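# all I have is the shape, not the residue letters:
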């Protein structure tokens, strides 16, 4: 399979795959380099456990380093413990969100039901992904 580009040169799918592999390798290398540089900057400037701190350099550039903590919980255990706490001190959220798997099922298998709910749902095309394996 070949594609004619605006410059009238043709490119084969094999050439595109080779370029894709080279671009992904360069991207991975650049990402590793960026992470190493970030780690060195943090080592020099320090970071807060949580929150941002901005450092103004002599060059006028500003570097902001944001420290983050991630929290996970055994939700069953936490919900049980929270029963003895006043409601305003319970660190639990109940979140209602769209069940995409359910919507996809209805769209594919139950068009009459999907038609009823479709006025409340927006569907738009997402970025396609490409994977190349040897």
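Structure received. Being a predicted model, the structure only gives us computed values, none of them experimental. Numbering: from 1, shown residues only.
# C-alpha only now, for contacts and for neighbours.
Fine.
# so where's this structure shaky on pLDDT?
Counting by pLDDT under 70, the ranges of the chain that qualify are 1-8.
# any idea where the helices of it begin and end?
Ranges of helices within the chain are 13-45, 75-82, 100-109, 111-117, based on DSSP state H.
# dump those into a markdown table; add distance to residue 89 as well.
Converted to a markdown table, the helices of the chain look like this (distance: least, Cα to Cα, whole Å):
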| stretch | distance to residue 89 |
| --- | --- |
| helix 13-45 | 35 |
| helix 75-82 | 8 |
| helix 100-109 | 32 |
| helix 111-117 | 36 |
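# quick one: which of these is nearest residue 129?
Each of those has some distance to residue 129 by Cα to Cα; the shortest is helix 13-45, at 12.3 Å.
# chain center to the closest one, what's the gap?
Remark: helix 13-45 is offset 17 Å from the chain centroid, using Cα atoms, centre = their mean, to the nearest Å.
# list the buried residues in that helix.
residue 42 (16 or more other Cα atoms under 10 Å).
# the helices of the chain: which one's closest to residue 132?
Among the helices of the chain, helix 13-45 comes nearest to residue 132, with 7.3 Å by Cα to Cα.
# quick one: contacts for the nearest residue to residue 67 once chain neighbours are set aside?
Excluding its sequence neighbours, the residue lying closest to residue 67 (Cα to Cα, 6 or more residues apart in numbering) is residue 50, at 4.4 Å. Neighbour list for residue 50: 66, 67, 68, 69 [criterion: Cα atoms under 8 Å, 6 or more residues apart in numbering].
# dump these to a markdown table, plus neighbour count.
Formatted as a markdown table, the contacts of residue 50 follow (neighbours: other Cα atoms under 10 Å):
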| residue | neighbour count |
| --- | --- |
| 66 | 15 |
| 67 | 14 |
| 68 | 12 |
| 69 | 7 |
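# in strands, which of these appear?
Secondary structure from DSSP state E places 66, 67 of the contacts of residue 50 in strands.
# mind putting the contacts of residue 50 in CSV, distance to residue 121 included?
CSV is the format used below for these (distance: Cα to Cα, whole Å):
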residue, distance to residue 121
66, 36
67, 37
68, 34
69, 34
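# that concludes my questions; thank you for your assistance.
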